[in-house]
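Trainee: Below are the sequence and a predicted model; questions follow.
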Amino acid sequence: MFKTLKRSYKIALGILLLLIIFRLALPSIVKYYINKSLNELPGYNGHVKDVDLHLYRGAYTIDGLVLTEEKGNPDYPFLKIAHTHLSIEWKSVFKGRLVGEVELENPRLNMVAAASSKAAANEPSRDNWTETVKDLMPITINRLEVNNGRFAYLDFNADPNVNFHVNSMHLVALNLANVENAKTKLPSTVTVTGKSIGGGALKGDMKVNALKEIPDFNMNMQLTNVNLTSLNGFIKAYGKFDVERGDMDMYSEVKLTDGQLDGYIKPFFKNVKVLNWKKDKKEDGFLHAAKEAVIGLFAEAAENQRRDEIATEVPISGNVNAPDTDNWKTFVNVLKNAFIKAFNKGIEGKIQG
């Protein structure tokens, strides 16, 4: 009997040791799997620094996630996240739904404009992105929170280079898996705040149906108190002039229904001065300075004299259901073109006509 107990004890000890070894090895296994999934995304290379498991609460943490474009600028990776916390949303378990929640700490997203000659064949499709997200979080995400995020739009093909960014972003997306308010047309809510280049304040909210293949949404967004001089790189690249002073408020409403995008961007420009004659004449030549003098003259004539303000409205319209196109890229391009048009029409085109 003693031998039997001793043998049982050895078996139990062996199983315990195997479990300990497996538990110690599991983070490395998960890390390998995540790195493999990231590197399988077409046109991108990715890796994570470390993975920590919290099995007792059904969660794990990814440290140092970096995703770069294969032919992109290494100084500006597409995505960089200091810490990613993924876990089961326990309050939904008690409602009979197994869904997850994700918290992103210090994420950095860089949207770099591609050269016109760059082929789109290697760009990942929506299905590629979906599969990668499922690999990272195998259950449906119901809640997403972003803390201290940064979004940047970069165009190194423009002259001068464009770097437009929003810092200190806080985003909360709730009910993405439609656990609550299942009968509501747009059951999910998204709120976002942040600080833009030039000291602007970003604020937005959205109602969305995230379960559709192409999500429906209604979005309101405002960007206020932006110092225009901080955007001179952007304005000079796309509008071919710059400003000496001025402030901007911008408001937008956009909705996407069954792939049809509609809305508007409405910028307000205040206290705008386009020309520093001596400086511009010295740096850019007489003709450029003369052009900006004319623009400045029309700007002063077109302003609301009581409020010293220029306002315009640029419609947004497009369909992201077109075959053989990337829905997300179509959406981004429509918004980008409307944004650039709003600047040109508001400061230059509007004031000339």
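Mentor: Happy to help now that I have it. Numbers count the residues shown, from 1 in each chain.
Trainee: Make sure V272 is actually in contact with L228.
Mentor: Yes. In this structure, V272 is within contact of L228 by Cβ atoms under 8 Å, at 6.8 Å. From N, CA and C alone the C-beta is placed, and that goes for glycine too.
Trainee: Name the residues contacting each of the two.
Mentor: V243, R245, G246 (Cβ atoms under 8 Å, 6 or more residues apart in numbering).
Trainee: what domains does the record give for the protein?
Mentor: 27-196, 212-353 (automatic domain parsing).
Trainee: want to throw the ones you listed into TSV with mean pLDDT and distance to L202?
Mentor: TSV is the format used below for the domains of the chain (pLDDT from 0 to 100; distance: least, Cβ to Cβ, whole Å):
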stretch	mean pLDDT	distance to L202
domain 27-196	85	4
domain 212-353	66	5
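Trainee: now those domains as TSV including mean neighbour count?
Mentor: Shown next, in TSV, are the domains of the chain (neighbours: other Cβ atoms under 10 Å):
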stretch	mean neighbour count
domain 27-196	16
domain 212-353	17
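Trainee: Between the two ends of stretch 57-76, how far is it?
Mentor: Start and end residues of stretch 57-76 are separated by 35 Å (Cα to Cα, to the nearest Å).
Trainee: Mind giving me the packing neighbours of the helix or strand harbouring Y60?
Mentor: Counting by DSSP states H and E, the element that carries Y60 is strand 59-69. Using 3 or more Cβ pairs under 8 Å, 6 or more residues apart in numbering; DSSP states H and E, the elements in contact with strand 59-69 are helix 2-39, strand 44-47, strand 50-54, strand 79-88.
Trainee: Can you give the strand pairings for it, parallel or anti for each?
Mentor: strand 44-47 (antiparallel), strand 50-54 (antiparallel), strand 79-88 (antiparallel) (DSSP bridges).
Trainee: now the nearest residue to K236 once chain neighbours are set aside, what's its secondary structure?
Mentor: Nearest residue to K236, sequence neighbours excluded (Cβ to Cβ, 6 or more residues apart in numbering): D242, at 4.7 Å. Following DSSP: H, G, I helix; E, B strand; the rest coil, we place D242 in the coil state.
Trainee: check contacts around D242.
Mentor: Per Cβ under 8 Å, 6+ apart, neighbours of D242: N232, I235, K236, V274, E292.
Trainee: now V133
Mentor: I141.
Trainee: any idea how far it lies from T61?
Mentor: Per Cβ to Cβ, to the nearest Å, V133 is found 17 Å from T61.
Trainee: phi, psi of D258?
Mentor: phi 50, psi 40 (degrees, to the nearest 10).
Trainee: OK, contacts around it?
Mentor: Neighbours of D258 in contact, by Cβ under 8 Å, 6+ apart: I214, D216, N321.
Trainee: what would these look like in TSV with secondary structure?
Mentor: Below are the contacts of D258 laid out as TSV (three-state DSSP):
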residue	secondary structure
I214	coil
D216	strand
N321	coil
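Trainee: Closest one to L174 out of these, please.
Mentor: D216 (16.5 Å; Cβ to Cβ).
Trainee: Test my guess that that closest one contacts L186.
Mentor: Yes. When contacts are counted by Cβ under 8 Å, D216 is listed as touching L186 (6.4 Å).
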